[in-house]
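Asker: sequence? don't have it. structure:
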């Protein structure tokens, strides 16, 4: 019974299957064919993948060598890569690049020409594989231009030059009509080859698609009134077509400013501020204000400057810029009036007010500068404000006011050696030597370390009072602080002569000459002294 059930479960014998052989299952012939096909396809795919991998390995190594300017090995690898990947346009592009660089490195024109021909051939093969790649088109254009130039030099008698870069440049622009770099290169080529109408057309196109090109174009050797007019036409066309409106108006304003057409420049700059208003900065309104000043519109300038300050997060820095603009443009009365309004609208530090006073001093507006400094000291006295008051008094030769102001500066900031030097210099001018000596002592007392320059000042004061011994002591002290200063030794020598110590004086002059061997005065004085001492002995 069990055997019968087991037999019922056996599958029926199908066609091509041998029955009657227990435990044996035959394989169909179809499977053998399918496996063979799969193996063949796999081997084919693996073969081509292997070629691709080998080709890419050579290509990548060659690119690295090219970056290292190791062009010989790079060419060998690229040629191998091309054998394994003959349909790869990137390999041919790189070959064109490397051949061009090798050619540029050759000193012999014929050698350069030969490699440029190879570069062209590589680009032509690449163009057959990928005719829409702009890098290939431009590579052909610049290589052809180089070949044309080389051919002219090698065969000057042949007027029928076989190389024509123009169509290649045009093809480059057909593929990338708005390519700034490619338009620029074509413009240079056209200018060099005298095709003026086409050249100006490219300039118009370039200005229209990239208004900021004006800033580069005006520095080119081909810049001329006709080129400027072409740029202007391109900018106006961009505005008409509502392209890059903010930048086009701004650049057109710059072009008009260069021609001192201030009213039109103002109009276009104001128009530029209407677009992308969120990008407007304080510097934009400062520039507009400067244009107004150039055009004599002082009220509008001030309004624009306040627009800038209201938006500014660094008002004092911008105020410094504004003071410089007023000063440069020579609007002195407007500067002081502007400052008075600023002072009412904003809280300013003493530094910015002193800066204005200094600007007014530079413009010889001493009354206005003095008033600002006096008002500042009424609010809160500062050493710097008193120092500049002293400078105003010095210019006006008002020694009493100068002395009062600089003395207050030294009281408020006793550690500032500059204030002390000014005070000492004034006292020397007034021949108040004892007070000057006291001031020097006070300056050194308040200094972190003794100043050889101040000690030298005291020595000179003592010399003026014919206190030669005291002067010599001071110069010796100064030498100890500044042994590299030759003049200290020379002055010590002169003091020694006054005291009858000629041998000692010779020693000082020898040290001065050693420090300044080209000083003819020291050498002459030394020889005179030596001759005198020899005669006396």
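Answerer: Cool, the structure landed. Given the structure is predicted, the values throughout are model-derived calculations rather than measurements. Numbers count the residues shown, from 1 in each chain.

Asker: Ends of stretch 291-298, what's the gap?
Answerer: 10 Å (Cα to Cα, to the nearest Å).

Asker: Give the rounded mean pLDDT of it.
Answerer: Taken as a whole, stretch 291-298 carries a mean pLDDT of 95.

Asker: Buried ones in that stretch, by neighbour count?
Answerer: For stretch 291-298, the neighbour count (16 or more other Cβ atoms under 10 Å) marks 291-295, 297-298 as buried. Any C-beta I mention is one placed from the backbone N, CA and C, and that applies to glycine too.

Asker: Determine the three-state secondary structure at residue 75.
Answerer: helix (DSSP: H, G, I helix; E, B strand; the rest coil).

Asker: Touching, it and residue 99? I think so.
Answerer: Yes: proximity of residue 75 to residue 99 meets the contact threshold set by Cβ atoms under 8 Å, at 7.2 Å.

Asker: Give me the more crowded residue out of these two.
Answerer: Taking neighbours as other Cβ atoms under 10 Å, residue 75 and residue 99 compare with residue 99 leading, 24 against 21.

Asker: and the residue nearest to the more buried one when sequence neighbours are not counted, how many neighbours?
Answerer: With Cβ to Cβ, 6 or more residues apart in numbering as the criterion, residue 99 has its nearest non-adjacent residue at 3.7 Å, and that residue is residue 119. As a burial measure, residue 119 scores 27 neighbours (other Cβ under 10 Å).

Asker: Show the contacting residues for residue 119.
Answerer: Applying Cβ atoms under 8 Å, 6 or more residues apart in numbering, one finds that residue 119 lies in contact with 95-97, 99-100, 103, 139, 143.

Asker: Now tell me which helix or strand of the chain has the poorest mean pLDDT.
Answerer: Sorted by mean pLDDT, DSSP states H and E, the helices and strands of the chain end with helix 2-9, the least confident at a mean of 45.

Asker: Break down the stretch 151-300 of the chain into its strands, ranges please.
Answerer: For the stretch 151-300 of the chain, no strands turn up when DSSP state E, counting those that start in this stretch is the criterion.

Asker: Low-confidence bits of it, can you list those?
Answerer: Within the stretch 151-300 of the chain, no range satisfies pLDDT under 70.

Asker: pLDDT of stretch 400-411, averaged?
Answerer: 96.

Asker: buried residues in it?
Answerer: 401-403, 405-410.

Asker: And stretch 255-271, by the same measure?
Answerer: For stretch 255-271, by 16+ other Cβ under 10 Å, it's 255-257, 262, 265-271.

Asker: Please compute how far that stretch lies from its chain's middle.
Answerer: How far stretch 255-271 lies from its chain's middle: 27 Å, per Cα atoms, centre = their mean, to the nearest Å.

Asker: before we move on, which element is the residue nearest to residue 99 in?
Answerer: In this assignment (DSSP states H and E), residue 119 forms part of helix 109-129.

Asker: Could you do residue 389 as well?
Answerer: helix 383-395.

Asker: what helices or strands is that helix leaning on?
Answerer: Packing contacts for helix 383-395, counted by 3 or more Cβ pairs under 8 Å, 6 or more residues apart in numbering; DSSP states H and E, involve helix 350-362, helix 366-379, helix 399-412, helix 417-429.

Asker: ok, now with 6 Å
Answerer: Secondary-structure packing of helix 383-395 (3 or more Cβ pairs under 6 Å, 6 or more residues apart in numbering; DSSP states H and E): helix 366-379, helix 399-412.

Asker: Residue 248: neighbour count?
Answerer: Using other Cβ under 10 Å, residue 248 is surrounded by 29 other residues.

Asker: That should have said residue 144, apologies.
Answerer: Residue 144 has 22 neighbours, counted by other Cβ under 10 Å.

Asker: so who does the residue lying closest to it once chain neighbours are set aside touch?
Answerer: By the measure of Cβ to Cβ, 6+ apart, the closest residue to residue 144 outside its immediate chain neighbours is residue 165, 4.1 Å from it. Applying Cβ atoms under 6 Å, 6 or more residues apart in numbering to residue 165 gives the contacts 141, 144-145, 148.

Asker: now do residue 163
Answerer: 144, 147-148, 151.

Asker: Can you lay out those residues as TSV showing secondary structure and distance to residue 330?
Answerer: Compiled in TSV, these are given as follows (DSSP: H, G, I helix; E, B strand; the rest coil; distance: Cβ to Cβ, whole Å):
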residue	secondary structure	distance to residue 330
144	helix	55
147	helix	57
148	helix	54
151	helix	58
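
Asker: of all the residues you listed, which comes closest to residue 223?
Answerer: Residue 223 lies nearest to residue 148 out of these, by Cβ to Cβ, at 24.4 Å.
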